[in-house]
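Enquirer: I would like the atomic coordinates for the input below:
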Amino acid sequence: MLALSLLGLLALSTPAVAGDVFVHYMGQGLKAESAAGDVAKAVAMGVDAFALNIGQPDPTWSVESTQRLFNATKGTKLKIFFSLDLYATNDPERFRKTINTYIKHPNYYTAGPSNLPMLSTFSNGNGWTATSWNKFRDSLDSKTYFVPMFDQLPNYYTNPDAFWSSWKTGVDGVFTWEQAWPGRSNTHQNVSTDLDASLMRKAHSNSKAYMTGLSTFQYKHWDGSHWYRSGDVVMPEKMTQLLALSNTAGSRPDFIQIQSWNDAGEGHYIGPLRHEGLDEKQLVYANQNDHPHEGWQPLFASFIAAWKANAKDASQMRTPAGSRTFVVGAMWHREFLATSSCAGTDGRPEGAGAAVDTINWAVVLNDGVAGTYYVQVWSGGSLISKEKLLPGLNYRAVRGIKTGEQHVQVVDAAGKPIIEGGKQTKGILANPTGNICTYNYQVAGLV
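Expert: Alright, predicted model coming up:
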């Protein structure tokens with residue numbers, strides 16, 4: 001009887017783990033064919049929903065693009081929920097019409113014990129409290145499952161008990177945006193899930209859901225900002241840590257949100273950039289021709305499948321369904337050496353000291369494959385690294401690079417290439433050319 005009671009208490013204190021994976025999608029001007037293409041690619045990756053960031057709900061381009069995205073989801077498994085960008089428009093009331101227009105749409109994402117439409121945010125409304133949000137949500141056309149990004153609020157990190165004392169009655173869960181990357185610093189940092197684990201335990205102990213972020217790197221050169229966070233192997237490192245959380249922390253996040261699909265302004269996009277909705281100033285530093293990032297998608301697809309299968313170790317990751325071979329991967333690097341002063345350009349970003357000169361790669365090898373396989377890294381015409389692959393996710397940030405062409409191969413024991421990439425991307429120079437100092441990555445899928 002005591003055992004049954006304890007089980008009951010645990011069931012009450014910890015929300016059911018949904019295991020769903022979302023991707024943050026920035027609202028922008030969007031053609032119908034672009035919306036359809038993005039939906040198809042997300043479905044192929046196993047993404048459950050777009051967290052649609054709406055910063056300006058009223059302009060015609062925003063209204064039309066939202067409609068095109070929802071139209072594109074019809075007949076697919078992909079859902080959408082709103083992430084109200086309250087950093088851009090800090091009054092939630094401005095979003096009422098948009099929310100009510102779509103909250104009962106068949107492809108609006110639902111979650112929680114009562115399967116309610118999910119609502120999220122980027123930041124909080126100016127001066128809004130739990131009472132304010134409850135009043136707002138009660139007045140919408142449907143009840144909602146509210147999982148906002150409030151990690152900038154007082155006490156979120158420093159005094160979680162005080163945070164939950166203020167917010168327990170106003171939210172159904174929380175989303176931690178900032179833990180997708182290492183902290184901002186002028187020296188290199190590694191990503192960690194230590195704070196995720198403690199924040200998640202606090203959320204679960206208050207019977208609330210926890211959502212964390214997963215990203216590649218962060219380089220912002222937009223809207224008056226110019227800064228860089230440690231990138232290199234942040235993405236596969238965080239994947240490894242997230243899969244292990246059940247072992248290290250006793251539970252895992254209820255949801256994961258990939259940051260992002262198309263945020264050109266912060267560099268961490270994994271989908272195709274649609275130029276029709278991007279500012280010319282953004283396109284200088286992030287555009288589909290010079291900086292495509294879709295080569296990362298097979299790695300995310302592999303992680304999503306492992307996450308949904310409740311894998312507890314990155315060695316359990318496998319190639320996505322429909323893969324051409326038993327191994328998939330990607331390589332990425334910046335375009336010039338970290339020692340460059342960027343003389344004659346628009347200048348180095350804040351945090352440039354966190355950059356290191358590496359060729360970064362991540363590869364997923366299926367288990368049970370006959371033979372031995374290696375990753376070879378070529379830099380400036382020289383072989384600088386050769387490493388044996390193990391089943392599951394493998395990754396490295398390889399130092400000792402040289403200027404010139406960068407090339408990564410997966411080869412068999414005889415040296416025969418199985419997949420490779422990098423020759424079609426920009427190599428590495430000693431200094432940037434022209435007047436642009438970009439810390440955006442060159443990304444190549446291994447094919």
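Enquirer: For the rest of this, base every contact and every neighbour count on C-alpha atoms.
Expert: Noted.
Enquirer: Below-threshold pLDDT in this structure: ranges please.
Expert: For the chain, the stretches with pLDDT under 70 are 1-18.
Enquirer: Strands along the stretch 151-300 of the chain, start to end?
Expert: 173-176, 209-215, 219-222, 225-228, 255-259 (DSSP state E, counting those that start in this stretch).
Enquirer: Any chance of these in TSV with distance to residue 113 and mean neighbour count as columns?
Expert: Below are the strands of the stretch 151-300 of the chain laid out as TSV (distance: least, CA to CA, whole Å; neighbours: other CA atoms under 10 Å):
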stretch	distance to residue 113	mean neighbour count
strand 173-176	12	25
strand 209-215	11	26
strand 219-222	37	22
strand 225-228	39	20
strand 255-259	14	23
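Enquirer: Does residue 82 touch residue 55 like I think?
Expert: No - with contact defined as CA atoms under 8 Å, residue 82 does not reach residue 55; the gap is 10.4 Å.
Enquirer: Compare those two (neighbour count), which wins?
Expert: Under the criterion of other CA atoms under 10 Å, the comparison of residue 82 against residue 55 puts residue 82 first, with 25 against 21.
Enquirer: so where does the more buried one fall, helix or strand?
Expert: strand 79-85 (DSSP states H and E).
Enquirer: Check what contacts that strand and list those residues.
Expert: 48-55, 70, 73, 92, 95, 99, 107-109, 117-123, 148 (CA atoms under 8 Å, 6 or more residues apart in numbering).
Enquirer: next SSE after it?
Expert: For strand 79-85, the following helix or strand on the C-terminal side (DSSP H and E) is helix 96-102.
Enquirer: Which positions in that following helix come out as buried?
Expert: 96, 99, 102 (16 or more other CA atoms under 10 Å).
Enquirer: now do stretch 434-447
Expert: So, applying 16+ other CA under 10 Å, buried residues of stretch 434-447: 436, 437, 438, 439, 440, 441, 442, 443, 444, 445, 446, 447.
Enquirer: gap between the residue lying closest to residue 392 once chain neighbours are set aside and residue 197?
Expert: Nearest residue to residue 392 in three dimensions, chain neighbours excluded: residue 315, at 3.8 Å (CA to CA, 6 or more residues apart in numbering). According to CA to CA, to the nearest Å, residue 315 and residue 197 sit 21 Å apart.
Enquirer: Repeat that for residue 279.
Expert: Counting by CA to CA, the gap from residue 279 to residue 197 is 38 Å.
Enquirer: now residue 322
Expert: Using CA to CA, residue 322 is found at 34 Å from residue 197.
Enquirer: Neighbour count for the two, which is higher?
Expert: A direct count of neighbours by other CA under 10 Å for residue 322 and residue 197 places residue 197 higher, at 22 against 7.
Enquirer: Pretty sure the more buried one sits against residue 246.
Expert: No - in this structure, residue 197 is not within contact of residue 246 by CA under 8 Å, at 9.7 Å.
Enquirer: list residues touching both of those two?
Expert: Listed as contacting both residue 197 and residue 246 by CA under 8 Å, 6+ apart are residue 252.
Enquirer: Same question for stretch 327-342: list its buried residues.
Expert: Buried residues in stretch 327-342, counted by 16+ other CA under 10 Å: 327-338, 342.
Enquirer: give the contact list for residue 340.
Expert: 430, 431, 432.
Enquirer: Now tabulate the residues you listed in CSV and tack on secondary structure, neighbour count and distance to residue 189.
Expert: Below are those laid out as CSV (DSSP: H, G, I helix; E, B strand; the rest coil; neighbours: other CA atoms under 10 Å; distance: CA to CA, whole Å):
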residue, secondary structure, neighbour count, distance to residue 189
430, coil, 16, 23
431, coil, 17, 24
432, coil, 19, 24
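Enquirer: Strands of the stretch 1-150 of the chain, start to end?
Expert: Counting by DSSP E, counting those that start in this stretch, the stretch 1-150 of the chain has these strands, from start to end: 20-26, 49-54, 79-85, 110-111, 116-122, 145-146.
Enquirer: Which one, of these, ends up nearest to residue 406?
Expert: Of all the strands of the stretch 1-150 of the chain, strand 20-26 sits nearest to residue 406, with 29.5 Å by CA to CA.
Enquirer: Just give the strands next to that closest one in its sheet, each with its orientation.
Expert: Using DSSP bridges, the strands paired with strand 20-26 are strand 49-54 (parallel), strand 255-259 (parallel).
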